[in-house]
Every structure is written in C-alpha cells, then in structure tokens.
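> sequence below, structure please.
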Amino acid sequence: MEKPELDQMWETFVRIGMPPISLHQIITTIRTKIHPIVSDSHDNVVKWFCFLIHDRTSGVPTTEDDKNAYFHIRFTVKKNIIIKDEEDMNTHLPEYCEKSMTRRCSSIASIDGIEKSILKDGDVAESWRIIGEQSAWVVSMLNGHKENAQIPVNQLVQFMHFFLNMFGLGGHAILFVGPIFPF
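The predicted structure follows:
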C-alpha cells in the first residue's frame with residue numbers, strides 16, 4: 001500500500017450499533033460493509049484506506065445523544081476519480097455510509113501516540129500508510145475464513161499473537177525483558 005495523499009483524504013462512517021457490541025457484529029460489518037467499500041473492484045473509487053472503531057467521544061461527528069459505535073473509515077480516491085464535494089463523494093459510497101457525516105478529513109497531520117519524528121522523513125503519511133496496511137490485513141484475515149464461519153475470539157487472538165511474537169512481545173515476551181525491553 002502506498003502512502004496516502006493527505007490533502008486528498010476523506011472520511012465516512014458506518015454504524016455498527018449501540019454498545020455493548022459483539023465481536024460477531026464487528027466481524028460481520030467488516031466483511032459485509034467495510035470490505036465492499038475498500039475492495040479492489042474495478043468500479044471502486046478507493047485507493048488507500050484505514051478504519052477504526054469510534055463513537056461521538058472519539059471523532060464521530062454526530063449528536064450528543066448518539067451512543068452508537070461506528071467504523072470510522074478514512075480513504076483516498078483513485079487518481080482518475082474527480083470528486084467536487086461531499087454530495088459528489090456520497091454518490092460513490094454505499095447507502096449504509098452515514099452520508100451526513102461524509103467529509104474531507106481535517107486534523108490528520110499527527111496521530112495520537114505516534115512519534116512522527118522517528119518515521120522516514122518525519123512524514124505522518126508513513127504512519128497512515130502503516131495503519132492502512134493493518135486495516136487491509138484485517139480485511140484479508142477475516143476473508144480468509146469461510147463466509148458463514150463464526151470466527152472465535154481465540155482464533156483472532158492467535159493471529160494477533162503472531163504479530164506480537166515477531167517483536168518478542170507475545171506469550172514468550174518474558175524471555176526478552178531486560179536490556180532489550182527495560183519496561
């Protein structure tokens with residue numbers, strides 16, 4: 001995945017539901033609603049993407065009384081697609097996207113908890129690229145399972161364990177505590 005063009009970044013939101021939300025709801029929403037938006041199909045406008053779960057307290061531009069959880073999808077569009085404004089963008093998105101919340105992204109020059117000065121060229125776009133790769137991996141991992149399979153939590157945890165294990169932070173992290181990891 002290439003770095004996104006930050007001045008071309010958009011965001012939209014897909015409602016998951018009212019907390020507490022189940023893992024099944026999250027997986028089903030990723031497979032049936034997020035994947036179609038970000039898939040590499042010929043008629044899709046999305047070039048780069050990432051998604052996280054947020055609510056009104058963490059970035060969803062909704063009303064004070066809205067307690068729903070949403071997938072917050074950030075994306076850029078393919079170069080051959082010209083988007084004039086939010087109304088135009090909404091014509092390219094599925095009906096289940098929250099059209100009233102679709103907008104150009106703002107405040108993307110930094111990411112909480114990420115120290116951009118240690119990234120290549122101190123470029124926050126590199127952080128967004130990495131987060132996009134993580135998002136693409138999640139979609140790919142879920143789609144690597146049978147369509148109607150109930151994916152158990154321990155299956156997901158095991159896949160995430162392999163990520164952490166690559167850094168010595170998985171189940172055997174105790175082997176590395178010391179001079180390498182002084183925390």
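> beta partners of Thr76?
Beta-bridge pairing for Thr76 (DSSP bridges): Trp48.
> mind listing what's buried along the host helix or strand of Glu11?
Under DSSP states H and E, the secondary-structure element containing Glu11 is strand 10-17. Using 16 or more other C-beta atoms under 10 Å as the test for burial, strand 10-17 gives 10-16. No exception for glycine: its C-beta is placed from N, CA and C like everyone else's.
> any idea which helix or strand of this structure has the worst average confidence?
The weakest-scoring helix or strand in the chain, judged by mean pLDDT, DSSP states H and E, is helix 153-165 (a mean of 91).
> any buried residues in it, and which?
Within helix 153-165, judged by 16+ other C-beta under 10 Å, the buried ones are Leu156.
> roughly how far out does it sit from the chain middle?
Distance of helix 153-165 from its chain centroid, counting by C-alpha atoms, centre = their mean, to the nearest Å, is 18 Å.
> for stretch 35-48, same thing?
For stretch 35-48, the separation from the chain centroid amounts to 14 Å (computed by C-alpha atoms, centre = their mean).
> can you measure across it, start residue to end residue?
Start to finish, the residues bounding stretch 35-48 are 13 Å apart (C-alpha to C-alpha, to the nearest Å).
> now do the buried residues in it.
Buried, per 16+ other C-beta under 10 Å, within stretch 35-48: 37-38, 45-48.
> which one of those is nearest to Glu95?
The shortest separation between Glu95 and any of those is 11.5 Å, and it belongs to Ile37 (by C-beta to C-beta).
> my read is that closest one is in a strand, agree?
No - counting by DSSP: H, G, I helix; E, B strand; the rest coil, Ile37 is not found in a strand; it is helix.
> now it: how far from Phe51?
Between Ile37 and Phe51 the distance, using C-beta to C-beta, to the nearest Å, works out to 9 Å.
> any shared contact partners between the two?
Taking C-beta atoms under 8 Å, 6 or more residues apart in numbering as the contact criterion, the common neighbours of Ile37 and Phe51 are Ile73.
> biggest helix in this protein, by residue count?
Using DSSP state H, we find that the single longest helix of the chain is helix 124-143.
> just checking, what packs against it?
With contacts defined as 3 or more C-beta pairs under 8 Å, 6 or more residues apart in numbering; DSSP states H and E, helix 124-143 has these neighbours: helix 35-38, strand 46-54.
> leaving out chain neighbours, which residue sits closest to the most centrally placed residue in the chain?
Note on the chain: the residue nearest the mean C-alpha position is Phe51, at 1.6 Å, using C-alpha atoms, centre = their mean. Sequence neighbours aside, Ile73 is the residue nearest to Phe51 in space, at 4.6 Å (criterion: C-beta to C-beta, 6 or more residues apart in numbering).
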